[in-house]
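Q: Generate a structure from the sequence data that follows.
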Amino acid sequence: MVLDTRKPEDIAAGHLENAIRLIDTEVSAETLAQHVASTETPVLFYCTGLKCGRAANAVEKAIGLGYSKVFYYALGMEEWNKQGLPVAR
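A: Below you'll find the predicted structure:
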């Protein structure tokens with residue numbers, strides 16, 4: 001599962017294919033359970049990049065809620081776009 005923690009306008013400009021928007025302030029046991037099958041399901045969080053912090057906050061919350069396979073794409077969309085990798089709109 002790939003979760004995009006950015007603002008709606010950022011997502012509209014381009015996101016990773018099949019990513020679901022879940023802003024860091026909305027991460028809770030209930031919202032994660034709506035998108036992630038179990039606490040054992042791998043989940044990747046990303047945001048704009050290192051200066052953003054939203055994905056880092058979401059990762060901390062997910063780990064605190066017992067999710068064990070949590071990944072953080074720290075370089076985020078800034079680096080993704082720099083590399084010319086594909087984005088969905």
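Q: Pull out the buried residues from the worst-scoring helix or strand of the chain on mean pLDDT.
A: Ranked by mean pLDDT, DSSP states H and E, the weakest helix or strand in the chain is helix 8-12, scoring a mean of 94. Neighbour counts using 16 or more other C-beta atoms under 10 Å place Asp10, Ile11 of helix 8-12 among the buried residues. Backbone N, C-alpha and C define where each C-beta goes, glycine included.
Q: could you say what helices and strands it packs with?
A: In terms of contacts (3 or more C-beta pairs under 8 Å, 6 or more residues apart in numbering; DSSP states H and E), helix 8-12 is not packed against any helix or strand.
Q: following that helix, which helix or strand shows up next?
A: strand 20-21 (DSSP states H and E).
Q: Report the central residue of the protein.
A: Residue closest to the mean C-alpha point of the chain, counted by C-alpha atoms, centre = their mean, is Phe45 at 2.7 Å.
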